[in-house]
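J.: missing the sequence, but the structure's below:
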């Protein structure tokens, strides 16, 4: 399964090199993180996933979250939608008929979500 994931990931990046492999791996981690937090192993919405991405990012990278995401080529929530749908297209994630890239469009500002002055008051 892991070998298949990385094989498909290579195919995705070959076709769409905008995002680093770490971004895709992180989205998969965020999916599991969000499902566990919601106590739901099935489908989650784009908005739910984005909230999980925000929380997991802050948990793992703290005030560097925005910089880490930028290093991966991810600068806004729309980029996470592109990553998700690249994985959907390769069968690495599922979707229902209501899911679309628009579910990820401008959901929150990275500046607001990851501004270290707002998150970590000294």
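T.: That came through, no problem. This is a predicted model, so every value here is computed, not measured.
J.: low-confidence ranges, the protein, go.
T.: Applying pLDDT under 70 to the chain picks out residues 1, 116-122.
J.: show me the helices in it, by range?
T.: Taking DSSP state H as the test, the helices found in the chain are 2-15, 21-38, 46-61, 65-71, 77-89, 110-114, 116-119.
J.: reformat those as CSV; add mean neighbour count.
T.: Yep, even glycine has a C-beta here, placed from its N, CA and C like the rest. Shown next, in CSV, are the helices of the chain (neighbours: other CB atoms under 10 Å):
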stretch, mean neighbour count
helix 2-15, 12
helix 21-38, 17
helix 46-61, 19
helix 65-71, 17
helix 77-89, 20
helix 110-114, 16
helix 116-119, 12
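J.: could those go into CSV alongside distance to residue 101?
T.: Below are the helices of the chain laid out as CSV (distance: least, CB to CB, whole Å):
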stretch, distance to residue 101
helix 2-15, 15
helix 21-38, 14
helix 46-61, 8
helix 65-71, 18
helix 77-89, 5
helix 110-114, 18
helix 116-119, 27
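J.: OK, contacts around the residue most central in space within the chain?
T.: Residue closest to the average C-alpha location in the chain (CA atoms, centre = their mean): residue 27, at 3.7 Å. Neighbouring residues of residue 27 by CB atoms under 8 Å, 6 or more residues apart in numbering: 49, 53, 80, 83-84, 87.
J.: repeat that with 6 Å
T.: Counting by CB atoms under 6 Å, 6 or more residues apart in numbering, residue 27 touches residue 83.
J.: repeat that for residue 75.
T.: With CB under 6 Å, 6+ apart, residue 75 has no contacts at all.
J.: same check on residue 53?
T.: Per CB under 6 Å, 6+ apart, neighbours of residue 53: residue 30.
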